[in-house]
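Peer 1: need a structure here:
(4 chains)
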Number of protein chains: 2
Amino acid sequence: MADTTAERILEEAMTAFGTRGYEGTSLDDLARQLGIRKQTILYWFPSKDTLLEAVVDRCADEVTNRLLRGLEGVEDGFGRVEAMVRAMFRLAARHPAILGFLREVARLGPPSSTQLLARIEPLIERASDFLQVEMDAGRMQRHEPRLLLLAAYSMVTGMATEADVLRAFGEEPTLPSLLRRRDELLSLLRAALEP
Amino acid sequence: MADTTAERILEEAMTAFGTRGYEGTSLDDLARQLGIRKQTILYWFPSKDTLLEAVVDRCADEVTNRLLRGLEGVEDGFGRVEAMVRAMFRLAARHPAILGFLREVARLGPPSSTQLLARIEPLIERASDFLQVEMDAGRMQRHEPRLLLLAAYSMVTGMATEADVLRAFGEEPTLPSLLRRRDELLSLLRAALEP
DNA sequence: GCCCCTGTCTACCATTTGGTAGACAGGGGC
DNA sequence: GCCCCTGTCTACCAAATGGTAGACAGGGGC
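Peer 2: Take a look at the predicted model:
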């Protein structure tokens, strides 16, 4: 958020990597978009790889914070699932490229994907444990917790991004449409989870 | 399938584009992997863009055929949903890169994404109509048909690909694991759709 | 035997890319 | 006033990339 040069570079790089891809983004393009020279980027981040690592870290932080804040004060069973979905869609609305970046990192594979996942794994663990407890207590229909999470994650990233695919499915990349998609996804999850 | 040079190039290009990305794949790499020279590729496909278009067409054909064949003879309500999911997972098992390629095309945006979607749209239309009929007849829980399709599509591509993400969710990229993911996804869909 | 057509290759080329070397501006410490 | 440190820039560079031009091998038609 601070308007330092390094921050501005990170922000723009995340957007660019998330939309045009890592290999599809040249340092010169990035610099032009920022109104600076490529060498200034290389001053702050000694190589393109280093820049990617930094963006990954920043992205992990943002996702983590957003999810944790979304969960604050929400205690009951399905409410917590709903809170997480809402948090992710809020993220997608405010910063559309971030989910695209997540997907790009997954595609790039190690070492970036390993780095990102190491940061996110605790969240997965926690969510998985929570689901297990709820299911054991009979407050949710039984499913494999981790696979359920994977399915939910796929749905969220898919439904929040993929502008062109959306168009084929009759959706416009607008905010009201995004909210409709969120509500539909919640309705699906509710049908699949509530007893 | 014919072992002509053009076919071999298309096959290898789909795999490469789907795993390393379009910009991440150079014609020289591609040629090396095929044991030929780059100029032979440019003989069959006058430019990299042209090659991409051809791969998109081929991919659309393959997905269409696979889905239509999967649906043959399956008439009852949820059975058709299940048949489509099974067909997609069969595709993923036999040709893992193809779903990655779908995703890559979505990321690349127009004109490739437009081209692909124009070919697939009839399928979406048909599936959407079918779901609407089933819901109207009370044989399925009510959801927005097109959004439901989008969610299902996202889940399938997400759960069938993303090897590294899978690892974080405790899944190995093996065939038995793939089948477990398929069954879990079907169980989710069943819970959300059957009355 | 000759010709031409198809398919692959060698030889290049201009542009782009990530990265290095070093000039230079400006501002604070002393 | 001088120094040094920080941050940005100009000037390059070697490698890689998509693409062009054209040589060449071989096989079928006649």
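Peer 1: Following the chain past the helix or strand bottoming out on mean pLDDT in chain A, name the next helix or strand.
Peer 2: None of the helices or strands of chain A scores lower by mean pLDDT, DSSP states H and E than helix A:163-168, at a mean of 68. Heading C-terminal from helix A:163-168, the first helix or strand you meet, by DSSP states H and E, is helix A:175-193.
Peer 1: What is that next one packed up against?
Peer 2: Applying 3 or more CB pairs under 8 Å, 6 or more residues apart in numbering or on different chains; DSSP states H and E, one finds that helix A:175-193 contacts helix A:77-94, helix A:145-160, helix B:145-160, helix B:175-193. Where you see a C-beta, it was placed from the backbone N, CA and C, and this is true even at glycine.
Peer 1: now the angle from that helix to helix B:175-193?
Peer 2: Going by axes from the mean of the first three to the mean of the last three CA atoms, to 10 degrees, helix A:175-193 is angled at 100 degrees with respect to helix B:175-193.
Peer 1: Just the angle for helix A:175-193 relative to helix A:77-94, thanks.
Peer 2: Going by the same axes, to 10 degrees, helix A:175-193 makes 160 degrees with helix A:77-94.
Peer 1: Quick one: residues in contact with helix A:175-193.
Peer 2: Helix A:175-193 has contacts (CB atoms under 8 Å, 6 or more residues apart in numbering or on different chains) with A:78, A:81-82, A:85-86, A:89, A:92-93, A:140-141, A:143, A:152, A:155-156, A:159-160, A:166, A:171, B:141, B:143-144, B:147-148, B:150-151, B:188-189, B:191-193.
Peer 1: swap the cut-off to 6 Å and go again
Peer 2: The contact list for helix A:175-193 (CB atoms under 6 Å, 6 or more residues apart in numbering or on different chains) reads A:82, A:85, A:89, A:93, A:140-141, A:155, A:159, A:171, B:141, B:144, B:147, B:151, B:188, B:191-192.
Peer 1: from these, which would you call buried?
Peer 2: Buried positions within these, assessed by neighbour count (16 or more other CB atoms under 10 Å in any protein chain shown), are A:82, A:85, A:89, A:140-141, A:155, A:159, A:171, B:141, B:144, B:147, B:151, B:188, B:191-192.
Peer 1: List just the nearest of those residues to DNA strand C.
Peer 2: Taking CB to the nearest atom of the strand as the measure, DNA strand C sits nearest to A:Met159 out of the buried ones among the contacts of helix A:175-193, at 30.7 Å.
Peer 1: Report the contact partners of that closest one.
Peer 2: A:181, A:185, B:150, B:154.
Peer 1: any idea which helix or strand carries the residue nearest to the spatial centre of chain A?
Peer 2: Nearest to the mean C-alpha position of chain A, by CA atoms, centre = their mean, lies A:Leu99 at 3.9 Å. Per DSSP H and E, A:Leu99 falls inside helix A:97-108.
Peer 1: Please compute how far that helix lies from its chain's middle.
Peer 2: 8 Å (CA atoms, centre = their mean, to the nearest Å).
Peer 1: just stretch A:132-148 next, same as before
Peer 2: For stretch A:132-148 - counting by CA atoms, centre = their mean - the centre lies 23 Å from the chain centre.
Peer 1: Return the residues of chain A in contact with DNA strand D.
Peer 2: Residues of chain A lying close to DNA strand D (CB under 7 Å from any atom of the strand) are A:5, A:36-37, A:39-40, A:43-44.
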